[in-house]
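# The following comprises the amino acid sequence and a computationally predicted model.
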Amino acid sequence: MSDKSLNIDLLTDSEVDLDLAVAHVQGEGVIAYPTETVYGFGSLPTTKGVARVQALKHRSLEKPLIILTPTAEEVAGLAWNDEARLLGSAFWPGALTLVLRDPRSIFPPGIRSESDKVAVRVSSNPIVQRILKKLGAPLTSTSVNYPGELPARSASQVVEVISRLNGNGIMLIDTGTLPISEPSTIVDCTVKPPEVLREGRVQISNLGEVIPELHGKAI
């Protein structure tokens, strides 16, 4: 069940300090927070943090979490190429997730795939930006939902999902109900030309204006 003492109410007061949420994450805890699309579960991008989120979601390491980062520079150790830089410059912050290689194993399994790929995004959500600025590090992200069901768009749905998942110690950052939104668009930049794996809020036609040879333009 959700513990109301762990809730941070930004719906009533949008200027509430987020130090408690940041401290919770730094202590290897899991938060449920709003993004530019849906509510997400997040943790530090550590082996322990990843394990807690994966266990909560009942998912395996074969389904990696994505990373939300305050800036591209924060993940400069990933294998950036010209196409990835162009897309990041054009659409970040925003609902575009880029898949990059992690040749130095910066991130643990569960974020880094078996083929050494990591999915990363600079979020446009102001709450996420505040958290990341205070945290000074990336944050994992996966949608708040019961397996096989739609992601949560409201705090009440988040509470229900946490209860059904038997989650304990999850800190909820409550901003009420999020507007209906498509998920983030995912582009694999580890191949040339880059390939659209999922079209979401950022449309392929817009991506094609930056990378004309983009694969997946017929999706």
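Right, received. Where do you want to start? Please read these numbers as outputs of a predicted model, since none were measured by experiment.
# From now on I want contacts and neighbour counts done on CA atoms only, so please keep to that.
Will do.
# Spatially, what comes nearest to the residue nearest to the spatial centre of the chain if we skip its sequence neighbours?
Computing the C-alpha centroid of the chain and ranking residues by CA atoms, centre = their mean puts residue 141 first, at 3.2 Å. Closest residue in space to residue 141, ignoring its immediate chain neighbours: residue 42 at 4.8 Å, by CA to CA, 6 or more residues apart in numbering.
# what are the bridge partners for the one you found, then?
residue 31 (DSSP bridges).
# dump the residue contacts of it.
By CA atoms under 8 Å, 6 or more residues apart in numbering, residue 42 lies in contact with 25, 30, 31, 32, 33, 53, 139, 140, 141, 142.
# Kindly reformat those residues as a markdown table containing pLDDT.
Supplementary listing: the contacts of residue 42 in a markdown table, determined by pLDDT from 0 to 100:
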| residue | pLDDT |
| --- | --- |
| 25 | 97 |
| 30 | 97 |
| 31 | 97 |
| 32 | 97 |
| 33 | 97 |
| 53 | 96 |
| 139 | 97 |
| 140 | 98 |
| 141 | 97 |
| 142 | 96 |
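# In the host helix or strand of residue 87, which residues are buried?
When elements are defined using DSSP states H and E, residue 87 is found to belong to helix 82-91. Of the residues in helix 82-91, those scored as buried under the neighbour-count criterion (16 or more other CA atoms under 10 Å) are 83, 84, 87, 88, 91.
# List the contacts of the helix or strand just after it.
Proceeding N to C from helix 82-91, the next assigned helix or strand is strand 96-101, under DSSP H and E. The list of residues contacting strand 96-101 from outside it, by CA under 8 Å, 6+ apart, reads 78-80, 84, 88, 116-122, 184-190, 201-202.
# Residue 199 versus residue 187, what's the distance?
Per CA to CA, to the nearest Å, residue 187 is found 8 Å from residue 199.
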